[in-house]
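**Student:** make a model of this:
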Amino acid sequence: MQSETIVVDTNITLRYPKSSDTAALYAVIEQNRPYLRHYLAWVDETKSSEDTRQFIETTAIGRAKGDNHEYLIWFQDEIAGFIAFNTIHHHIRLAILGYWLTEKFTGHGIMTKAARALVAHGFSTLGLHRIESRCALSNSKSQQVLERVGFQREGLVREAIYEDGNLVDAYQYGCLAEDLK
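**Tutor:** The predicted structure is shown next:
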């Protein structure tokens, strides 16, 4: 079952991106480009509003097939970031969690709340058994988010994630429903 909107709390909502979000999402990416490019390889390939529109369209196609669930993170009436099950492997009930937050909204617990809500949705509504995520060894903020949600650090994956234009080692995290805090 799909949920177009997940209400996290009175200020935070997760909502599927719509074509009408194209200009606002592209503006957020533009404003945060130097900050986001540190860990996100796609930032330099997002060169226009049209690239953003195509991304939104692609997520909708994948969602219709059940391959992903991708959400804009809204804080009140502003786009604060993005969170997703970028890939869902239905045959083993596994999803890959990815996310980003704009610089303005970091340090306020928004991502932890958003991740808790999406992970809970994954287990309760989507029937997932396991959710995985990776983050660069240097990305302590992302590690803290995953650990606060209930993910366990399971190991090191060599040269598996982007950081400043290079492939670097990453921590592999995993979460089962029983791990939730």
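
**Student:** any idea which helix or strand comes after the helix or strand where Gln54 lies?
**Tutor:** Using DSSP states H and E, Gln54 falls within helix 49-65. Later in the chain than helix 49-65, the nearest helix or strand by DSSP H and E is strand 69-75.

**Student:** in the next helix-or-strand element following that next one, what counts as buried?
**Tutor:** Going down the chain from strand 69-75, the next helix or strand is strand 78-89, by DSSP H and E. By 16 or more other C-beta atoms under 10 Å, the buried positions in strand 78-89 come out as 79-86, 88. For glycine as for every other residue, the C-beta is placed from the backbone atoms N, C-alpha and C.

**Student:** ditto for stretch 115-122
**Tutor:** 115-119, 121-122.

**Student:** so which of these sit within helices?
**Tutor:** Members of the buried residues of stretch 115-122 lying in helices (criterion: DSSP state H): 115-119, 121-122.

**Student:** from the residues you listed, pick the one nearest Lys141.
**Tutor:** In terms of C-beta to C-beta, no member of those lies closer to Lys141 than Ala115, at 12.0 Å.

**Student:** what pLDDT does the closest one get?
**Tutor:** For Ala115, the model assigns a pLDDT of 98.

**Student:** equivalent analysis for Met1, please.
**Tutor:** 49.

**Student:** who's Asn166 bridged to?
**Tutor:** Counting by DSSP bridges, Asn166 forms beta bridges with Glu163.

**Student:** gap between it and Leu40?
**Tutor:** Computed as C-beta to C-beta, to the nearest Å, the Asn166 to Leu40 distance reads 13 Å.

**Student:** compare the two (neighbour count), which wins?
**Tutor:** Leu40 (19 against 8; other C-beta atoms under 10 Å).

**Student:** and the more buried one, how far from Ile161?
**Tutor:** Note on Leu40: its distance to Ile161, by C-beta to C-beta, is 10 Å.
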